[in-house]
Every structure is written in C-alpha cells, then in structure tokens.
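S.K.: Sequence isn't available, so here's the structure alone:
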C-alpha cells in the first residue's frame, strides 16, 4: 500500500508515535504535573465509522473522485489541537462526502462546475495543515466535496533571467524545492508546515515563511496567480510591480478558498544561499531582547532570521536556563558576503545589553553546506521543525496544548504581551489548575513584532476540546482588545471568525461578500470561511 | 491675494514662465527642429469662460463650497500634457460645478452625502497632479463636485517607538515633511509630483516614490487607512503585518477614488538619513547597464537609488555625451554606515562592464548635510525635480512631449524596450515628422525593471492634442502587447482605461464593480475611473 497520511497525527502514518514513546511521555508528564496518566491506544483506520456519502459524483468525474473512509477522515480536519483531538477520538460527525483529485486545471473546472450546479460546498484542499478550520466542511451543506490539488504538483517553467517560476498550486513544499534545486534556485518559503502544505495553500492563507523580516509572507513572492472560479478563469499578468488599480493578486492572497481555486502561480524565486552569517545573542529579559530587535529591524538591514525567544522558549527549545531570552540571528545571500550586516546588527544588540559569545557568531562564505550554524541557532531550527511531530506523542494523554500568534505595533506590544500572558495564565489556572505560557517573535517589522505564544496545561482526558476552547477564547479576546490581529500567518478559517469579525472594517466584509457573489454566485466555495454566505 | 495654483501650468501662478523665457525656448526649439515658432501669450484667469454651475450646494455646505471660475478651472484637469494643452488653450467644456473644501472628516461625509443623495459625481481631489485624467469630471454627469482635501493637512499623532504617524490625507508633500522634521522623522516618499500631490492621492493612486528598490510604492508604508464612503466609515486596524484575510488596505490602495475618500492614514515613517553612499557608473549601452542593474537588484542589497539612464537621458539630464548609459546609485540609513553595500554593488557593476571614476563614489557618514553627492547624482536629482516646470515653458509652442511608464519582467524587457521605442519613433515620424525618445528605469525589482519613457516631437500648433493622442496610443498598444503594465505608478484614471481593461483579469473587474456597488450604491464616486459604473 502507498504511504498514507495519518488521519489524526501530524505527518504520515509512519510518523504516528509508538506505544513505547507515548508511555515514556506519559511518565514524564505524570511526574511534571503530579498526576498519573493513562495511555490510550492510538486509533486506527479500522475504527473509523463515517456518515455515508450523501453525494455521488457524475460518471465523468468518477475516476478522479473517491469516497474512501480513510481519505474522507484525512480531509475532515486540519491539524490544530482541536482537529487532532477530535480525530484521535474518532469524532467525525461531518466529513466531506467526496474527495476529488483533479489532475489538471480542466478537471478542477469540471469538479467545481459540478459543485456549483448542484449547490455542494466545494473546499479547496492543499496540504490539510490548516489550524483554523480552513478545510473543515460547513455544517449546513447538502453535500461537501473536498477538492485535493495534490495532482497539480509540477514546476512548469523556470525563467532564470527574471528569477521566477510558474508552479502548480498543489505542489508540497519539499517537492517544490526538489524541482527548483537542479536549476540552482529555491523559493525559500519554509513555514513550519512546509512538509505538509502547498503553494496554493500558502497563497490562499498568506502563509508566513522563512524570512523573519522584509519579505515575511508568501505575498511578497507572488508575481501572478491563476485561479478557477465558477465564473471562469482569473489570471493576473506577470509583473514585477504595478500601479494599475488595486492589486488583483492581493485580493486572492488570503482569500482562503472563498473566491476560487488557485491552480498556478508565477513565483519569485531565489538563488540558493552561498554566504551566510548567524549568531545567537542572550538578553536578561524578553523586553530587553525586544528593544534590541526593534532597533535592529528599524535599521532595515533585513536579517533573514531574527527570532527572539523568551526565557521559557529558550529553555524548552534550546536548553537554556530559563532566565535568559535568546535572539537567533541570520543573514544569507547567494551573491555577497554577509559579515558586515551581521557585525552591524551584533553591535546594535550589544548596545541594547545583548551578550554574544564569539563562538556563537558564525560567518560562512562561499559554502553551500548546511553546516556551521552556531549551536543555539541549529538547535532552534531543529526544535522548530520537530514541534508539530512532538504533539503527536501527547495526543489523548489529557494535555491541552496549542500555539497562537498575532502582530502588534511596538508601542502597544508590552501591554499586549502582558494581557495575553495574563489571559492564558488565568484561563489555564481556571481550566487546568495551571500551566505554562511561552512566547517568541516569529517575524518582525520596523513598526512591530509578530508574537507567537505557546501554552500547555494538563486537562482532563475526554474534556480537552472544551478546555482548549475556553483558553483559546480568553487569549483571542485579549489579542483583539489589545489591538492585535487575530492572525499574523495562521489565517482565519472558521475558528478565528468571531475575532476577525471584530477586527476587519465592516465595510470591507461587505465589499468582500459582494466580490464573492460576483465570482461564486451559488456560494459554494468554502462557505462560512472569512465571511457569512 | 493668496498665491494661487496656475490653472494651466505646473505649480503656482508665480511658476508660470515669462514671455522672455518662452521666446528664448522658441528660438532654441526653432533651431533644433528647423522651424520658425510663434510664441502665443499665456492665458490668464480673465480669459476663462466656463459653463455656469449646474448645481447649488445646500446652505449647510455653502461656506465650504465655491463656484469661483479660477478654482473650477484648476479642478477641471490634472497636469498631463493633454491637460495642460487643453487648459492653455482655454478649452474647458466640462468643468466641475462646485469645489468643496471640507475642513474635517464630518464635512467630507456631509459633502459626500449630499452628492450621493442627489446623484452628483463626487471627485476626490488631492494635489491635482494626475496625469491620467484621474480628477477630470465624467461627461455624462448631471452635476459634478470636486472635493478638495487640502483642508485636512495635519500630522495628528506620532508614535516614535513604532515609527509611525497618523496623518490627514490632504497634506501636501512638503507640509508633511515639515511636520515630521522636528521629530527627526521623514516619510521619504518623493514622487516627482511631491510638491503638488498629497498623501491621500499617493495612496489612492499607488504612487511610486523615492526608493528605487524594495519599498517602491506608497503601499509599503501604509499601516492603516481611514476612508469615508457613502455607506459610512472604513477604517483598518493599525498593524505592522497581518494574515487575516485579503488585506483591506490593498483594496483601497489604487482605488483612485471610486470606493471612498481617504481622510487619514497611519504611515510608517523613517529616521532621517545620517549615513549615505552614492555613485554614478557609466556603461557602453543601456542593455549593458540593465544587465548590471538586474544583478544588483537580485542581490537584494536594496539600494535606495538605482536609476539607470539610457544615453539619451544621460545627455539630456546630466550633460553626458549621448554614447553612455549612466547608473545613479545611492544607499542611505539613519543608523548604520553604507560603505560596504555600496562597495558590493560597485563590484557587481564593474563585473558587468561598468566604469566608475573614484571621484564619482561618495561615502558620507554621520552627516545630515544635503551635500556631497557625486556630480552626476546631484545633477540627476536636480533634473528630476525641474522636469515638470520645464514643460511649462514649451506649452503652446507646438511641441508634443510626454512621459509614459511601465514594468516588465527581465526576460521580456529587451523586446518591450525595442517595441515601445519603435512604436514611439514610428508614430513620431508619422505624426510629427520625427522626434526624440529616451528611457530610464525609475524603479527596479529582482524580477524586472520599471522603464520610464520620454518622447518629444514638434507638432502643429492647435493640433497637439490629436497628435499626442496618436503617439500615446501607439506606445500604450506596444506596452500591452509586450506584456507590460499600462502603469507602474501613474495610475489608470480615464486615460489608461482601454489598456487597463486588457490587462486586468475580467473577473477582477467584476469583483471590483461589485465591491464598489456595496460601498457606493448610487455610483457617485469618480464614475468611469478604473471601471464602468
């Protein structure tokens, strides 16, 4: 049998944790939380019992559609805590009826036409790593078709003069990089979901990537987009820049599948880095580190990496002592040495009280090796990639754990930091009897940081969903009250709707609703996401 | 009497050329073109004879409205060649009926409500420097009110921690900078129209500014926008970055007054530069220079200035010999020395055959003086600021002269350059018996340049409008056929509509039309600009 995605865990079925791993984790957690945890068996596909499909594809589409139970389970949810715990608990009250796997754009059109003519909800599905309910069926649909773009997985064309590539939207991160590598190029967009997310998904959700400054979102790398809608094809012109009316691409970016199904994009690509500089700087507090980061980003030296970990994150991810904040810095270039900007940034950091061991500064020129990072920088990178897998092990042990993120201007950041931490601590105490809250900056701007919070508490097995919801709600309320955005790069989906609705101009929602009606008159595209139908 | 804007020339009435200046210019042009030019007298306000106003403001608005003839003439047109020649010729068949000068946002709302309830066209007016018919009344309106935002001219708030300022939309460039200067800040957005354009106008038209790379358009400096629409106030949240749905601000940016009247924005501001580096590099051809520019911008060193002049421009603006292309380079920073990136860029330029005299490289640290530019760089800057005034002198002498601009990916740039030049030369020959075409890059991107063409030919006095139109049409056809955008930073207005309509996705126009209907149900806001009502 072909390797399959796990229907509940992050990754493939082979990434599901072993019972031994889970027992070891349960022991460790039992000790930390002073409890005695049971270790339930992980669910298997055989345990799945889904509602019968309510919809039968027409014979012309039968060969690219499936109603396979495992497949429908995989396409029922994204991969948030809420999603994974429901899947782990085999709770699938509202799965999609049919999964369609178009192999090319005409098949995307055919599937969408079928949905539109019958009034079935059509959910564009990329890698399925949404953490905001972005690929979850609406509750009130007569039929739901999840349209999985995995078949559109090729780099079609490379323009090495302009450094751009025409790429199909369903390609996963690793396959995309693999196709660019022989040409000496890279997109260098590495969200944490990189392995299980697609170009189309990144564009639809305004994914945040590798670069901590300047070109933070996928938005900046989109040269043009091609999208299938119920009213036909939407394709923007390939342009390096334009001032002709509001940007058509910027209406597609962040549209989360409600306007159309992205099939292709011309993307700006990069030379592979040959020159690198990296360093780790410690600070006596998160606030001291934040002040250094503010000064650094306001110089517009644009480090590729500029991630500040609070003392808790530095302890968890890097093994620091829990007293120091750590700033992970990196510059990279395919063309020119990066020593000078690193020295300038280090000087700023030191001026703000940062401490840098000389052996934690590495300047590598003319090397294409992925080696030579300072210890803390390499450790941060590994922790970053490992995090979503680690959550597989704790699933169903009762732990309630999640991340949430925002962005805020510098002047209001201290108050937001304080109030979101307080909301998390207070709700964790109320719900779980206590817990742990940490924060880092994933991306930073001259006018403010994008803080990323991680929380964890020991819940009651079977009640995780409600407990999680109460904590997440408290934090989201605090984010919005403090002036932040409900999401910097996780998107809105269904889960963030109540706060998004408070955040965006009401008139913008009206304009977006009108635009959607013009493109999707039967309102079949991902209904309920971003706006009410 | 208060100083007034000229109703036909660039600038104030005091900027109108003297008869002596015009005689001298006529002699010089007569010699170059082998003709004998008449020098008609410049028109004066007393010569104006406008259609009587068709509309009377309600008494509640009377004190902020005027039907003054000079004012109505000033608000009839922008400042393109087409506009100036019509104004010079006292050709005002369709002036606005009333000019409203709201002093605050409630007055903007009141004026717009009046227009919306009566179905009068409401034209938001900033500095009036549109070159695309963006402030010109539609022909089929029952009444036209030009809403001049000049009264909303203050910087309301400065957040020096986040480096952002809340600024009223009607402020002109110089007044804006004057209010930021005492705080050590600058917006550093210097379009050629800087003196006679406003923040709101920049946002509405996606103005291109000072920075030749990276942060090229005003778009990048907008933190949030506040806009009055017939359906109420649209205000986005102040955020350094966000991934919550399609960006509301990006729908306002480039909306050219059809969605609402921008009243305020939070703008990202900069520290005033203290460190600078500048240089001028010569190349044997425009193509050789372009190859260097491509390599430079693809390094992502982001020079603030990176303007390549073809041999003709280099001769006209800098007094070069007409054989060499010249690249004007600049780096600047409020925080860190700029020598290293300049040396890296110079090395790339030299590697591409560029020649740099050592005395044409200037690296200035810790100085806030506006001095010390290399000769060619200073000359370029002066020529840039002087250009629109120079066109006043030739008005009505028969000369047909204009600029047009686009952007294109590098792979298609050579063909576009060739075909646009050919279209201009061929149409100049047909229409004027010959003429001159030059080009420079105003902004450059890793994936392509923004070429800016200047053309000039000797037309027939009285027929300039039709001659100009034929040449402009030929060039615009060539731009679109070659894959370019009809505008990189001059906007669409009424003049670029036929080509914009070919360029943008049809479905985007449908979405924009629907969005406009939701905000402006009576379709009174700048009707005919960007989309048909």
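M.R.: Structure received. Quick caveat, the model's predicted, so the values are computed rather than measured. Numbering: from 1, shown residues only, chains lettered A, B, ... in the order given.
S.K.: Which stretches in the stretch 201-350 of chain A count as helices?
M.R.: A:248-252, A:286-298, A:311-318, A:339-351 (DSSP state H, counting those that start in this stretch).
S.K.: Please convert the ones you listed to a markdown table, extending it with mean neighbour count, mean pLDDT and distance to chain B.
M.R.: Quick note: C-beta positions are derived from backbone N, CA and C, even for glycine. Output for the helices of the stretch 201-350 of chain A, formatted as a markdown table (neighbours: other Cβ atoms under 10 Å in any protein chain shown; pLDDT from 0 to 100; distance: least, Cβ to the nearest Cβ, whole Å):
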| stretch | mean neighbour count | mean pLDDT | distance to chain B |
| --- | --- | --- | --- |
| helix A:248-252 | 24 | 98 | 4 |
| helix A:286-298 | 23 | 98 | 6 |
| helix A:311-318 | 22 | 94 | 20 |
| helix A:339-351 | 19 | 97 | 4 |
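S.K.: Low-confidence stretches in chain A?
M.R.: A:366-372 (pLDDT under 70).
S.K.: wait, isn't residue A:445 in contact with residue A:296?
M.R.: No - between residue A:445 and residue A:296 there is no contact under Cβ atoms under 8 Å: 11.5 Å.
S.K.: separation between the residue of chain A positioned farthest from its centre and chain B?
M.R.: The C-alpha centroid of chain A is most remote from residue A:59, which lies 36.1 Å away (Cα atoms, centre = their mean). Using Cβ to the nearest Cβ, to the nearest Å, residue A:59 is found at 30 Å from chain B.
S.K.: Next: residue A:220.
M.R.: 10 Å.
S.K.: these two touch, right, residue A:228 and residue A:263?
M.R.: Yes - counting by Cβ under 8 Å, residue A:263 is a contact partner of residue A:228 at 5.6 Å.
S.K.: Between these two, which contacts overlap?
M.R.: By Cβ atoms under 8 Å, 6 or more residues apart in numbering or on different chains, residue A:228 and residue A:263 have these common neighbours: A:105, A:108.
S.K.: which residues touch the closest residue to chain B within the stretch 151-300 of chain A?
M.R.: Nearest to chain B, among the residues of the stretch 151-300 of chain A, is residue A:240, at 3.3 Å (Cβ to the nearest Cβ). With contact taken as Cβ under 8 Å, 6+ apart, residue A:240 is in contact with A:162, A:223, B:407-410, B:445-450.
S.K.: 6 Å instead, please
M.R.: The contact partners of residue A:240, by Cβ atoms under 6 Å, 6 or more residues apart in numbering or on different chains, come to B:407, B:409, B:445, B:447-448.
S.K.: Just send those residues back as CSV, with secondary structure and neighbour count too.
M.R.: Shown next, in CSV, are the contacts of residue A:240 (DSSP: H, G, I helix; E, B strand; the rest coil; neighbours: other Cβ atoms under 10 Å in any protein chain shown):
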residue, secondary structure, neighbour count
B:407, coil, 32
B:409, coil, 26
B:445, strand, 25
B:447, coil, 28
B:448, strand, 33
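S.K.: and which of these is nearest residue A:352?
M.R.: Distance to residue A:352, by Cβ to Cβ, is smallest for residue B:445 among the contacts of residue A:240, at 33.3 Å.
S.K.: Ignoring the adjacent residues along the chain, who's closest to the closest one?
M.R.: What sits nearest to residue B:445 in space, not counting adjacent residues and going by Cβ to Cβ, 6 or more residues apart in numbering or on different chains, is residue A:240, at 3.7 Å.
S.K.: do the same with residue A:512
M.R.: Residue A:512 sits nearest to residue A:531 (Cβ to Cβ, 6+ apart), 5.6 Å away.
S.K.: what do you get for residue A:156?
M.R.: Closest residue to residue A:156 apart from its sequence neighbours, by Cβ to Cβ, 6+ apart: residue A:166 at 4.5 Å.
S.K.: beta partners for that neighbour?
M.R.: Residue A:166 forms beta bridges with residue A:157, residue A:266, as assigned by DSSP bridges.
S.K.: Contact partners for it?
M.R.: Residues counted as contacts of residue A:166 (Cβ under 6 Å, 6+ apart) are A:156-157, A:266.
S.K.: Dihedrals phi and psi, residue A:100?
M.R.: Dihedral angles of residue A:100 (phi, psi; degrees, to the nearest 10) stand at phi -100, psi 140.
S.K.: neighbours around it, how many?
M.R.: 26 (other Cβ atoms under 10 Å in any protein chain shown).
S.K.: Against chain B, how distant is the closest residue to it other than its chain neighbours?
M.R.: Nearest residue to residue A:100, sequence neighbours excluded (Cβ to Cβ, 6+ apart): residue A:111, at 4.5 Å. From residue A:111 across to chain B, the span is 19 Å (Cβ to the nearest Cβ).
S.K.: and what of residue A:479?
M.R.: Residue A:479 is 11 Å from chain B, by Cβ to the nearest Cβ.
S.K.: interface residues of the stretch 101-250 of chain A facing chain B?
M.R.: Residues of the stretch 101-250 of chain A found near chain B (Cβ under 6 Å from any Cβ of the partner chain) are A:159, A:161-164, A:206, A:216, A:231, A:234-248, A:250.
S.K.: Mind listing what's buried along the helix or strand that contains the residue nearest to residue A:100?
M.R.: Here residue A:111 sits within helix A:105-118, counting by DSSP states H and E. Judged by neighbour count using 16 or more other Cβ atoms under 10 Å in any protein chain shown, the buried positions of helix A:105-118 are A:105, A:107-112, A:114-116.
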